[in-house]
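Visitor: got a predicted model here, sequence first, then my questions.
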2 protein chains.
Amino acid sequence: MKKLINAVDSILSESLQGLEAIHGDILALGDGGAFVRRKALTPGKVALISGGGSGHEPLHAGFVGVGMLDAACPGQVFTSPTPDQMLAAVNAVGTAAGSLFIVKNYEGDVMNFEMAAEMAATPVATIITDDDVAVPKSTWSTGRRGVAGTLIVEKMVGAAAEQGRELGALKSLGEEVNRRTRSMGVALSSCTVPAAGKPTFTLAEDEMEMGVGIHGEPGRRRVKLASADAIAEEMMGAILDDLSVTSGTPCLLLVNGFGGTPAMELYLMAHAAKRVMAGRGLALARGLVGSYVTSLDMAGCSLTVTALDDSLTALWDAPVHTAALRWG
Amino acid sequence: MKKLINAVDSILSESLQGLEAIHGDILALGDGGAFVRRKALTPGKVALISGGGSGHEPLHAGFVGVGMLDAACPGQVFTSPTPDQMLAAVNAVGTAAGSLFIVKNYEGDVMNFEMAAEMAATPVATIITDDDVAVPKSTWSTGRRGVAGTLIVEKMVGAAAEQGRELGALKSLGEEVNRRTRSMGVALSSCTVPAAGKPTFTLAEDEMEMGVGIHGEPGRRRVKLASADAIAEEMMGAILDDLSVTSGTPCLLLVNGFGGTPAMELYLMAHAAKRVMAGRGLALARGLVGSYVTSLDMAGCSLTVTALDDSLTALWDAPVHTAALRWG
């Protein structure tokens, strides 16, 4: 295993300390790293809290800041955070207006966020994201997995929360964004979980895993490495067939790297994905390219499409100031 | 070779088209991809033009926009752009106030930018960056190599150009930033140049290349893989000894991923580098962590330190709006 680390046990803690050292103007560690919180809170605003296993950075801690999350709870690598982490976050950043949990659809995460919601003294609502069209259920999920589309839910709901919308309205909005969002991924190499010390799975030199999950879970099938155009055709086809958008719909395209794939290839995939969209009469209204929802050092990418309308476009365009996303 | 591509010959062109598709509000391709230019120019401003071999994305095209470059000329992978590309960029974005070339110190780049400067009809000045302390000269360089510190030169000089400073003053500023900046890198794996189809060099499972160049050129020595702390100690030691900053100097730290290393490890390295700085009484005044000056899919990172003063800090903090860097 080749990684820039000191010891397997201290990776998460040292990485979080680095995050705080670099972005101390935006965020701070709470309870010794149990959660990452905004440096300054907006009184009375519904608090957005997410979290999940680490190894997907910048998701979620890199999205803490004005316009997105109020707090993120990092678990160990590919392991759900514990309910006391979410509860501590609620106690630190929650308000009387309530807290909204944004949770990717994995059994451990869903259960632990649910337990925290039951223990919280202030109102809590929960959005479950399940945007991955690759498989109907997977290693750690009943139903579809929540993957890179979670970023889009966090961004749009985050913008709406800044406007002062109420807890119930924000939950409905998040569920609508999730319903309008689909993703699918492909791996060219496995990730290596530090505690395991060896690749999670093995691909031959000419193979790829089509429909891979963000923990290296199996996808639809293992096939021969294909061209970028063929990969985009298959992934966008699965996404757009499932989303059933009508021609002319403005769309947001997210090309997400898994951690081991450089920007040059991701932009090339954006070009390929745009061609597939154009072939179906869909407009690339907004786009984002980068490694935002990663799987440690896995090579490969995911494509995500959200069907926009004017109101969602405005929420996407609204100012955001986090470690990993910044505009407006 | 496992890459998200269609054909070796079309990688650059398709990636640039993806860049334009996603960031069409900021930039546009000129002359069919000979250069990437700002969508809108500021009349009368000195034009900042950079460029170099591709494979280092987002450098340089990802830094085209308000507050940084006016144009970037992408060569083929790890190959200098040709003088006619720079000349076309000068003709498109240059003004009577002149154009400033920012060039990494590699023989091909230096020669080709020099030829373009001689052919240009408007005034041109040139800054050569050579921030890499690893080796005194290298495969394609006479003298030190220009690496990730180039980003810092482009950002600070870009901010000063927006203020309306003149060509000569901008050249002096860029040279001062370069003098105050040092970098060093380490590779845990080789990159694979698409046209070669196989790794540029080979490292055993327990080896790293200390002082590697951004094209996979040899560094100081090949050694056993060390801990993040030991790597940071050696690289920061070399950087800070060479920079000879006095205790108390505010510093900018850039932790730069080479393309195959995830954010989690880069932030861990930031934590390790900060500790070395603290041990020498240096303040981490500003920080940037991400994969900005890459070497295709190489795993590893570089550390860069710039000794700041109030004026340089203000230039760093000034607004920037590009594909890859955005704040203010």
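Guide: It's in.

Visitor: so for whichever helix or strand A:Ile11 is part of, mean pLDDT?
Guide: Using DSSP states H and E, A:Ile11 maps to helix A:11-22. What helix A:11-22 shows for mean pLDDT is 98.

Visitor: what does stretch A:257-271 give?
Guide: 97.

Visitor: follow-up on the earlier one: mind giving me the packing neighbours of the helix holding A:Ile11?
Guide: Judged by 3 or more C-beta pairs under 8 Å, 6 or more residues apart in numbering or on different chains; DSSP states H and E, helix A:11-22 is in contact with strand A:27-30, strand A:35-38, strand A:47-54, strand A:71-77, strand B:250-257, helix B:263-279, strand B:283-290. For every residue, glycine as well, the C-beta is placed using N, CA and C.

Visitor: now the strands for the stretch 101-250 of chain A?
Guide: A:124-129, A:181-187, A:207-210, A:221-224, A:250-257 (DSSP state E, counting those that start in this stretch).

Visitor: how is chain A partitioned into domains?
Guide: Split into domains by automatic domain parsing, chain A comes to A:8-180, A:182-309.

Visitor: nearest to A:Arg280, of the helices and strands packed on helix A:11-22?
Guide: With C-beta to C-beta as the measure, strand A:47-54 is the member of the helices and strands packed on helix A:11-22 nearest A:Arg280 (31.7 Å).

Visitor: pull out the buried positions in that closest one.
Guide: By 16 or more other C-beta atoms under 10 Å in any protein chain shown, the buried positions in strand A:47-54 come out as A:47-54.

Visitor: looking at those, which is nearest chain B?
Guide: Using C-beta to the nearest C-beta, A:Ser54 comes nearest to chain B of these, at 6.8 Å.

Visitor: so that closest one makes contact with B:Met264?
Guide: Yes. Counting by C-beta atoms under 8 Å, B:Met264 is a contact partner of A:Ser54 at 6.8 Å.

Visitor: common neighbours of these two, please.
Guide: With contacts taken as C-beta atoms under 8 Å, 6 or more residues apart in numbering or on different chains, the residues that reach both A:Ser54 and B:Met264 are A:11, A:15.

Visitor: for the stretch 101-250 of chain A, what lies in contact range of chain B?
Guide: A:188-189, A:205, A:208, A:225, A:227-229, A:231 (C-beta under 8 Å from any C-beta of the partner chain).

Visitor: min pLDDT across the residues you listed, which one?
Guide: Minimum pLDDT for those is recorded at A:Glu205 (93).

Visitor: so which of the helices and strands packed on helix A:11-22 gets nearest B:Asp25?
Guide: The closest of the helices and strands packed on helix A:11-22 to B:Asp25 is strand B:283-290. By C-beta to C-beta, the value is 21.2 Å.

Visitor: re earlier: which among the residues of the stretch 101-250 of chain A next to chain B end up buried?
Guide: Buried among these (16+ other C-beta under 10 Å): A:188-189, A:208, A:225, A:228-229, A:231.

Visitor: from those residues, which land in helices?
Guide: Residues of these located in helices (DSSP state H): A:228-229, A:231.

Visitor: could these go into JSON lines alongside distance to B:Met236?
Guide: Below are these laid out as JSON lines (distance: C-beta to C-beta, whole Å):
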{"residue": "A:Ala228", "distance to B:Met236": "38"}
{"residue": "A:Asp229", "distance to B:Met236": "44"}
{"residue": "A:Ile231", "distance to B:Met236": "40"}
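
Visitor: out of the residues you listed, which is nearest to B:Leu12?
Guide: A:Ala228 (13.3 Å).

Visitor: which residues touch the closest one?
Guide: A:265, A:268-269, A:272, B:4-6, B:14.

Visitor: mind running it again at 10 Å?
Guide: Contacts for A:Ala228 (C-beta atoms under 10 Å, 6 or more residues apart in numbering or on different chains) come out as A:265, A:268-269, A:271-273, A:301, B:3-7, B:10-11, B:14-15, B:18.

Visitor: likewise A:Gly143?
Guide: Contacts for A:Gly143 were tallied using C-beta under 10 Å, 6+ apart; they are A:105, A:107, A:110, A:128, A:130, A:132, A:135-137.

Visitor: let's have these in a markdown table, adding pLDDT and neighbour count.
Guide: Formatted as a markdown table, these follow (pLDDT from 0 to 100; neighbours: other C-beta atoms under 10 Å in any protein chain shown):
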| residue | pLDDT | neighbour count |
| --- | --- | --- |
| A:Asn105 | 98 | 23 |
| A:Glu107 | 97 | 13 |
| A:Val110 | 98 | 21 |
| A:Ile128 | 98 | 22 |
| A:Asp130 | 98 | 23 |
| A:Asp132 | 98 | 31 |
| A:Val135 | 93 | 19 |
| A:Pro136 | 91 | 11 |
| A:Lys137 | 89 | 11 |
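
Visitor: tell me the one among the residues you listed nearest to A:Pro194.
Guide: A:Glu107 (22.4 Å).

Visitor: isn't that closest one up against A:Phe113?
Guide: No. Assessed by C-beta atoms under 10 Å, A:Glu107 is found out of contact with A:Phe113, at 11.1 Å.

Visitor: so what sits against both of those two?
Guide: Common neighbours of A:Glu107 and A:Phe113 (criterion: C-beta under 10 Å, 6+ apart): A:Ser80.

Visitor: find the nearest non-adjacent residue to A:Leu240, please.
Guide: Counting by C-beta to C-beta, 6 or more residues apart in numbering or on different chains, A:Leu240 lies nearest to A:Arg280, which is 6.0 Å off, once chain neighbours are set aside.

Visitor: quick one: pLDDT of that neighbour?
Guide: 95.

Visitor: that one: neighbour count?
Guide: 16 (other C-beta atoms under 10 Å in any protein chain shown).

Visitor: need phi/psi at it.
Guide: Main-chain torsions, A:Arg280, degrees, to the nearest 10: phi -110, psi 10.
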